[in-house]
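# The sequence and its predicted three-dimensional model are supplied below.
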Amino acid sequence: MVHAVLLKSLTPKAMEDSAKKLGLWRKGALSLQQEEELAVVTDYAIHHYRPDGKNTVERVLNNRGSAFESTERAVLEAMSRSRFTVLELDPSNDGVTIAARDRLYDEPLLIADEGLAKIAERGQLIATRVVPLGGLAVLTGAALPFDRELAADLLSVLERRWPGAVPSGLRGVSTAEQGRIVADLVTVALRGTERLRDEPLEPRTPEN
């Protein structure tokens, strides 16, 4: 129910602006090259489109939070604390959970994701959204393969753009800047031939 409510709350403007931020808008419409890109745009619209200073999760919590059951409200509150990041995976030991290390926040996580647990390989990198739920975390949106060579430079480049922000869990970084970081990560993940630069990455616009 929670996901359905969030999707229903998205406006065409939210999707359009988010797709433009990610370089996935062309000639007045979404321009997608792979199925995962729609999930990426939707995730960005839910968490980083802030026309009134609040994202969709925060708006739903403020306006309709009391209408949800306690479990659903807890999920929404967890989503409000979510982050888009790069994870390094280990193989699953039980076929249900995956040990991972957050490469941006340098902390271990235990991910509950049966589908990913079946295919996770040691050292595999993915860019995805992590939602903390107690001692576990779940993933939402798409899980995008992330190039290891790019990941090696990722922390140093982001640290130069936002000094002290990355190792402190983006504390002190504005919500607008967090959106720019996510756009950078998505652009790199989707366009693997791109290289991180000191200036913010510009989304690649599809060729005419």
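Here it is on my side, so go on. Residues are numbered from 1 along each chain as shown.
# only C-alpha atoms for contact and neighbour calcs from this point on.
Noted.
# Does residue 114 touch residue 94 like I think?
No - applying CA atoms under 8 Å, one finds residue 114 not in contact with residue 94, separated by 9.3 Å.
# quick one, which of these two is more surrounded?
Using other CA atoms under 10 Å, the more surrounded residue of residue 114 and residue 94 is residue 114, with 14 against 10.
# Would you quantify the distance from residue 4 to residue 100?
In this view, residue 4 and residue 100 are 28 Å apart by CA to CA, to the nearest Å.
# can you check residue 148 too?
Relative to residue 100, residue 148 is positioned 15 Å away (CA to CA).
# Who has more neighbours out of residue 4 and residue 100?
Higher neighbour count among residue 4 and residue 100: residue 100, with 23 against 8, using other CA under 10 Å.
# Would you confirm that that one contacts residue 113?
No - using CA under 8 Å as the test, residue 100 is too far from residue 113 to be in contact (11.6 Å).
# after whichever helix or strand residue 159 is part of comes which helix or strand?
Assigned by DSSP states H and E, residue 159 belongs to helix 148-161. Counting by DSSP H and E, the next helix or strand C-terminal to helix 148-161 is helix 175-190.
# Taking their axis directions, that following helix and helix 148-161 sit at what angle?
Put simply, helix 175-190 runs at 160 degrees to helix 148-161, going by axes from the mean of the first three to the mean of the last three CA atoms, to 10 degrees.
# do you know how far the residue nearest the centre of the chain is from residue 184?
Most central in the chain under CA atoms, centre = their mean is residue 84, positioned 3.1 Å from the mean C-alpha point. Distance, residue 84 to residue 184, using CA to CA: 11 Å.
# same question, residue 19
Counting by CA to CA - residue 19 and residue 184 are separated by 13 Å.
# swap in residue 175?
Residue 175 is 14 Å from residue 184, by CA to CA.
# Let me know whether residue 88 touches residue 127 as I believe.
No - with contacts counted by CA under 8 Å, residue 88 stays clear of residue 127, the gap being 9.2 Å.
# Give me the distance from the helix or strand of the chain with the lowest mean pLDDT to the chain's centre.
Ranked by mean pLDDT, DSSP states H and E, the helix or strand of the chain with the weakest confidence is helix 148-161, at a mean of 73. Distance of helix 148-161 from its chain centroid, counting by CA atoms, centre = their mean, to the nearest Å, is 17 Å.
# Okay, buried residues for that helix please.
In terms of neighbour count (16 or more other CA atoms under 10 Å), helix 148-161 has its buried residues at 150, 151, 154, 155, 157, 158, 161.
# Make a markdown table out of those residues and add distance to residue 80.
Below are the buried residues of helix 148-161 laid out as a markdown table (distance: CA to CA, whole Å):
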| residue | distance to residue 80 |
| --- | --- |
| 150 | 28 |
| 151 | 26 |
| 154 | 25 |
| 155 | 24 |
| 157 | 26 |
| 158 | 23 |
| 161 | 24 |
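# all strands of this protein, in order?
Along the chain, the stretches classed as strands by DSSP state E are 25-26, 29-30, 83-89, 97-102, 107-112, 125-133, 136-145.
# Where among these is average confidence lowest?
Per-stretch mean pLDDT for the strands of the chain is lowest at strand 29-30 (a mean of 84).
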